[in-house]
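[1] Whatever this is, show me its structure:
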Amino acid sequence: MSAAVSDYSTVYQKSWKVPEPYPAFIPGLCQLAAEQGWLRLGIARLDGRPIAAQLWLVASGKAMIVKLAYDGEYAHTSVGTVLTAHLMRHVIDVDKVSEVDYLMGDDPYKRDWMSHRRERYGLIAFNPRFVAGIAGLVRHRLGILKKELFR
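    You can find the predicted model right below:
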């Protein structure tokens, strides 16, 4: 498994994706998921070189697509689409899942694969009677402002 996780990291570094803020998270998640039997780590190769990678988790009849990336040099080949097709086939035919979920985000490519879209809502609350509550509120508002300014 460590070779596949290394290949995943290689592809991710060559992709358009922002580097992971916690580099040990994905390897740790893969280790835990493998131990539980949940891990589906797809790697597409060309001449032995990894050019696309996808991290899926399968549990309780559901496949969750957690992370995906491809080497930008091969964007014109649709290697990510090909890898998704292989993993879809595997989780449906072998794992017998009843649901595949891209989890979060409205990326246009997700519409090509999914029949439904669900809204997710969250609630953030801060207690202004405590310093930690005020600090959390300020941090949250600054994050929103930063996103607005750097759009």
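[2] Could you list the low-pLDDT ranges of the protein?
    For the chain, the stretches flagged by pLDDT under 70 are 1, 106, 110-112.
[3] From His140, how far out is Ser15?
    In this structure, Ser15 and His140 are 29 Å apart, going by CB to CB, to the nearest Å. C-beta here means a position set from N, CA and C on the backbone, and glycine is covered the same way.
[4] By residue count, tell me the biggest strand in this protein.
    Counting residues, the longest strand found in the chain (DSSP state E) is strand 49-59.
[5] starting at the chain centroid, how far to that one?
    9 Å (CA atoms, centre = their mean, to the nearest Å).
[6] Tell me which other helices or strands it touches.
    Applying 3 or more CB pairs under 8 Å, 6 or more residues apart in numbering; DSSP states H and E, one finds that strand 49-59 contacts helix 2-13, helix 25-36, strand 39-46, strand 62-70, helix 79-93.
[7] Just say which of the ones you listed is most tucked in.
    Mean neighbour count (mean count of other CB atoms under 10 Å) peaks for strand 62-70 among the helices and strands packed on strand 49-59, with a mean of 20.
[8] Paired strands for that strand, with orientation please.
    strand 49-59 (antiparallel), strand 99-101 (parallel) (DSSP bridges).
[9] With only the CA atoms kept, save the longest one in PDB.
    Put plainly, it is strand 49-59. These are the backbone C-alpha positions of strand 49-59, laid out as PDB (Å, rounded to 0.1, in the frame of the first residue of the first chain):
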ATOM      1  CA  ARG A  49       4.600   6.200 -14.400                       C
ATOM      2  CA  PRO A  50       1.600   7.300 -12.300                       C
ATOM      3  CA  ILE A  51      -0.400  10.000 -14.100                       C
ATOM      4  CA  ALA A  52      -3.700  10.000 -12.200                       C
ATOM      5  CA  ALA A  53      -4.800   9.000  -8.700                       C
ATOM      6  CA  GLN A  54      -8.100   8.800  -6.900                       C
ATOM      7  CA  LEU A  55      -8.800   8.100  -3.200                       C
ATOM      8  CA  TRP A  56     -12.200   6.600  -2.500                       C
ATOM      9  CA  LEU A  57     -13.600   5.100   0.700                       C
ATOM     10  CA  VAL A  58     -16.200   2.300   0.600                       C
ATOM     11  CA  ALA A  59     -18.300   1.500   3.700                       C
END
